[in-house]
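Enquirer: coords please:
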Amino acid sequence: YLAESGGGLVQPGGSLTLSCEASGYTFSHYSMSWYRQTPEKERELVATITRPTGTTTYGDAVKGRFTISRDNEKNMVYLEMTNLEYDDTAVYYCHARGGPGCPTFCDGMVFWGKGTLVAVSS
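Expert: The predicted structure follows:
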């Protein structure tokens, strides 16, 4: 189970931090990602933070503006978004994928949250 929060309306150039709370599985065994989607576009990978190293990767559109982080003690993953642009408007989804090297044989298992809307508008 994944539950996103923190979405809302923000002006261009503003900042927003999304949170995703995980429950029902061993959080530290999963790599975590944020995706986003608009009605006009396919779902897009925004950022990933892997397990166990915590290596981060970002989509080209958000590099240098967004930061993904995780807190394995709190079962939380965050997406800090700065210098927001109109094109960042989307529903943002939290995503969990088991592994790599899941100690509890969860490699490849996937969970999705229901999404939270971020609207960038003046």
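
Enquirer: got the contact list for the residue nearest to the spatial centre of the chain?
Expert: The residue lying closest to the centre of the chain (Cα atoms, centre = their mean) is Trp34, at 2.3 Å. Applying Cβ atoms under 8 Å, 6 or more residues apart in numbering to Trp34 gives the contacts 18, 20, 45-48, 68, 77, 79, 92-95. All C-beta atoms are positioned from the backbone trio N, CA, C, and that covers glycine.

Enquirer: Neighbours of Ser121, how many?
Expert: Close neighbours of Ser121, defined as other Cβ atoms under 10 Å, add up to 9.

Enquirer: Pull the one helix or strand the residue nearest to the centre of the chain maps to out as CSV, backbone CA atoms only.
Expert: Per DSSP states H and E, Trp34 falls inside strand 30-37. Coordinates of the C-alpha atoms in strand 30-37 are reproduced here as CSV (Å, rounded to 0.1, in the frame of the first residue of the first chain):
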residue,chain,number,x,y,z
TYR,A,30,12.1,-2.0,-2.6
SER,A,31,13.4,0.6,-5.0
MET,A,32,11.1,3.6,-5.0
SER,A,33,10.1,5.9,-7.9
TRP,A,34,7.9,8.8,-8.7
TYR,A,35,6.1,8.9,-12.0
ARG,A,36,3.8,11.5,-13.4
GLN,A,37,1.0,11.6,-16.0
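
Enquirer: and it, how far out from the chain's middle?
Expert: Mean C-alpha position of strand 30-37 versus that of the full chain (Cα atoms, centre = their mean, to the nearest Å) differs by 4 Å.
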